[in-house]
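Participant: return atomic coordinates for the entry below.
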Amino acid sequence: MENKHQEPFPAPAEQGQPIEETVPREAAEDTAEVSAEAADAAQETAEVSEASETSEGVSSDKQPVVTTEERAKMPDKKQAVPSASVENLPPEVTWAAAHVKPSAAHKTVNPAASRSTVPTPPPAHATVKAAEVSHQMDDHEKRPAKKKRYNTYKRSTVRQFSSLISLLIMVPVFALIVLFNWFFPRSQESMIEKRKLAEFPTFSAESYFSGAFTAGINHWFTDTAPYRDNFKNAGNGFKGLFGITTSDSVNFVGDVKKVPKKAPQKTTSKAPTEESKPVQTSESSAVSPQTSRTESSVPQESSQPETSTPARDYRKEDAEYTVENGVVVVYQDGHYRGLEMFGGGSGNAYVDALNDLRDRLDDSVKMYSMIAPLASEYYTPSNCEEYTVNQKEYFDDLASRLHSGITSVDIDSVLAQHTTEPIYCRTDHHWMPLGAYYATQTFAKAAGVDFKELSTFQPKTIEGFVGTMYAFSGGDINIKNDPEDFTYYVPDNYEQCRTDYYDTAFNYTGSGYFFQGVGDPQTNAYLTFFGGDEQIVKVHTNVQNGRRLVIIKDSYGNAEPGFLMNSFEDIYIVDMRYFQPNLVDFIQQLGITDVLFTMVTYSAFGDNSYNLPELLTQNAGLTIVDGYHADES
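Facilitator: So this is what the prediction gives:
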């Protein structure tokens, strides 16, 4: 350990100054002795190094071989000693002069003190190693110091601050969501989707262990969110900010697919017998898609319109369109219209059920088939025609397979004469009451009953109507922002008519109005007709002609009875999807004289048609009693 009270080693001589003036003879002799000892140690180290090199063989290719003599001759890179004055000094003195700083207060050296002050120089190879380390340290000192600790502290502070901000935002938002869903009333009905929302499930041990109870709670919670329709409108409005997609970049989704141009399927499980050939209502409707007929049986009541030239054929015109959720939204005449495409179907269930019913009923009961086309039959633009088929071809094929005792009422050709009139809703999947008027007028001619002109009806309009197409299209904002007027017509004898209501099992529930408002009229305008489908309705009119009509329908048929209040004495309205009594017993026991099957294309050729055969077999043999007359007695 160095003695702090000893004098430092003197500085080396200046260039040109005699060495004897700064280094006495006695110090040189002492230094020579130390140098000799160091030389012996260096010699031993060199011998060990040579032996090591001999045993290891050739040195690594990556590092050059440096001999002991070369290492001894390598200069000190940290501080060079002036060569002019110390070139004859031994290496030990040179090393001491380079590494020991002199004191400015002393110009002479005490020999006794110098011996203890001068440190023992290391071997030559150690000197070289020290020089290399010193050189690396010098390079490191020249580099700018990195502020690692400061940057780490700064990043840590930013992360902590961001986490705190996120926590301060998310906790109140989460609390508000919980309070909103807990304290605000749950939605029970969606005016946009036209349906009742989910109900809270009933608890039972079976439903709990099967998982149905918890799944029902989850469905109820998500389906009945407070202000559900308001949030859907807001979301759809935000999506509408991105604008409408043109036909050049349309992506077809849902059930919209390219439809191959094929003829309707004519096979049926029950083919008409030879003596019961199909009855057509006109020569134009007697032509099959695949075969032509030279003869046709024309019933006494013709339903064919007097003219056959369309007022305007939109199918020959291109139009801007987009597809949203399987609904084609077209832009025509400055307005947006939602269209459902039709891809075809067999209609076998519909044909079999009507033919079977015809065989079960007395010949005095008249039967009629009147299928309403979808709006896409008339308003599909030519640049979108590959996604639908000609519906009239399917209607004609279906009519050709019905028994002769069934009158097919062709309204497809009739409506084609009025395409420039509001016969179909633009924002709803139903037709307008005006379209139902032209259809029932055609039916009345086929049935041979009186029918009043439209001018005798009192029109009433609901403004700002946006119907089901807004929901069916997934909330297309163009439909929502382009409402329409919904006009219905009240007959002149409406005050003399009575409307009775029954449940789906034909239990009388009360009497009321045929035209009534349900909910928001701007979204439920089509519910103006007796309020919905899940019921049986009877209209008793002031007409006394002994004709009692039953209408087997889907929702399209709701708009028809109001136009027939001057044509039949009694009108029963039953929905093919909810009717519980046996239809054959219902017709026979209530003295029905006319049976009209009226529904849209989807119901006649789709899944709804499978309900028709069940109507003929369900609850057979039960007594049918009109509950209204039972209450009177």
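Participant: distance check, the residue nearest to T407 when sequence neighbours are not counted against G347.
Facilitator: Counting by CB to CB, 6 or more residues apart in numbering, T407 lies nearest to Y368, which is 4.8 Å off, once chain neighbours are set aside. In short, each C-beta sits where N, CA and C put it, glycine included. Plainly put, Y368 is 16 Å away from G347 if you go by CB to CB, to the nearest Å.
Participant: ok, now which ones touch the closest residue to A620 other than its chain neighbours?
Facilitator: The spatial neighbour of A620 that comes closest, neighbours along the chain excluded (CB to CB, 6+ apart), is N582 at 4.6 Å. N582 makes contact with L615, L616, T617, Q618, N619, A620, G621, L622, I624 under the criterion CB atoms under 8 Å, 6 or more residues apart in numbering.
Participant: check V328 too.
Facilitator: Remark: with contacts taken as CB under 8 Å, 6+ apart, V328 is in contact with V256, Y321, T322, G338, L339, E340, M341, S376, T380, C384, Y387.
Participant: which ones among these are found in helices?
Facilitator: When DSSP state H defines the helices, the subset of the contacts of V328 inside them is S376.
Participant: number of nearby residues for A198?
Facilitator: Using other CB atoms under 10 Å, A198 has 18 neighbouring residues.
Participant: list phi and psi for the closest residue to it other than its chain neighbours.
Facilitator: Excluding the flanking residues, the one nearest A198 by CB to CB, 6+ apart is D223, at 4.0 Å. Main-chain torsions, D223, degrees, to the nearest 10: phi -80, psi -20.
Participant: about what we covered before: on the three-state scheme, the residue nearest to T407 is what?
Facilitator: The three-state assignment at Y368 reads strand, by DSSP: H, G, I helix; E, B strand; the rest coil.
Participant: show me what it bridges to in the sheet.
Facilitator: With beta bridges defined as DSSP bridges, Y368 has these partners: T407, L596.
Participant: tell me the pLDDT at it?
Facilitator: According to the per-residue confidence, Y368 scores 98 in pLDDT.
Participant: so it is in contact with A447, correct?
Facilitator: Yes. Using CB atoms under 8 Å, Y368 is in contact with A447, at 6.8 Å.
Participant: what sits in contact with each of these two?
Facilitator: D594.
Participant: can you pull the buried residues of stretch 530-537?
Facilitator: By neighbour count with 16 or more other CB atoms under 10 Å, stretch 530-537 contains the buried residues F530, G531, G532, D533, Q535, I536, V537.
Participant: mind picking the two most distant members of these?
Facilitator: Set against one another by CB to CB, the buried residues of stretch 530-537 have their most distant pair in G531 and I536, with a gap of 12.5 Å.
Participant: ok, back up a step: redo the contacts of N582 as TSV? Include pLDDT and neighbour count.
Facilitator: Converted to TSV, these look like this (pLDDT from 0 to 100; neighbours: other CB atoms under 10 Å):
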residue	pLDDT	neighbour count
L615	96	20
L616	95	18
T617	95	11
Q618	95	15
N619	94	16
A620	94	11
G621	92	6
L622	92	15
I624	91	14
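Participant: nearest to Q522 among these?
Facilitator: Checking the contacts of N582 against Q522 with CB to CB, the nearest one is L615 at 34.9 Å.
Participant: next one: T523 from Y470, what distance?
Facilitator: Distance, T523 to Y470, by CB to CB: 8 Å.
Participant: the two - which one has more neighbours?
Facilitator: A side-by-side neighbour count of T523 and Y470, using other CB under 10 Å, places Y470 first with 28 against 25.
Participant: for that one, give me phi and psi.
Facilitator: Listed backbone geometry of Y470 is phi -60, psi -40, with angles given as degrees, to the nearest 10.
Participant: from what I can see it touches D476, true?
Facilitator: Yes. The pair formed by Y470 and D476 meets the contact definition of CB under 8 Å, at 6.6 Å.
Participant: okay, strands next: where are they in the stretch 351-500 of the chain?
Facilitator: Counting by DSSP state E, counting those that start in this stretch, residue ranges of the strands within the stretch 351-500 of the chain are 366-372, 406-408, 458-465, 484-490, 498-502.
Participant: low-confidence regions, the stretch 201-350 of the chain specifically.
Facilitator: 228-310 (pLDDT under 70).
Participant: so what's the residue count around the residue lying closest to Y489 once chain neighbours are set aside?
Facilitator: Counting by CB to CB, 6+ apart, the nearest residue to Y489 once its immediate chain neighbours are dropped is F457, at 3.7 Å. Close neighbours of F457, defined as other CB under 10 Å, add up to 20.
Participant: list the contacts for F457?
Facilitator: Applying CB under 8 Å, 6+ apart, we find F457 in contact with Y489, V490, P491, D492, F563.
Participant: which strand residues bridge the second one?
Facilitator: Looking back up the chat, that one is V490. Counting by DSSP bridges, V490 is bridged to Q458.
Participant: tell me how far it lies from F529.
Facilitator: V490 sits 11 Å away from F529, taking CB to CB as the criterion.
Participant: of these two, give the one with the bigger neighbour count.
Facilitator: Neighbours were counted for V490 and for F529 using other CB under 10 Å; F529 has more, 24 against 15.
Participant: could you point out where this structure is predicted with low confidence?
Facilitator: In the predicted model of the chain, residues 1-151, 153, 189-195, 228-310, 629-633 satisfy pLDDT under 70.
Participant: quick one, domains of it?
Facilitator: Each structural domain of the chain that the record assigns through automatic domain parsing is listed here as a residue range: 19-51+66-142, 238-289+297-632.
Participant: can you tell me the SS state at Y331?
Facilitator: State at Y331, reduced to three classes by three-state DSSP: strand.
Participant: remind me, longest helix of the protein?
Facilitator: Ranked by residue count and defined by DSSP H, the top helix of the chain is helix 148-183.
Participant: thought D428 was touching A471?
Facilitator: No. Distance between D428 and A471: 10.0 Å, which falls outside the contact criterion (CB under 8 Å).
Participant: tell me how many other residues crowd K452.
Facilitator: Around K452 sit 18 other residues, with neighbours defined as other CB under 10 Å.
Participant: now the one 4 residues further on
Facilitator: Using other CB under 10 Å, the number of residues around T456 comes to 11.
Participant: check the one 3 residues further on too.
Facilitator: Other residues within reach of P459 by the criterion other CB under 10 Å amount to 12.
Participant: OK, contacts around it?
Facilitator: Contacts for P459 were tallied using CB under 8 Å, 6+ apart; they are T487, Y488, Y489, V490.
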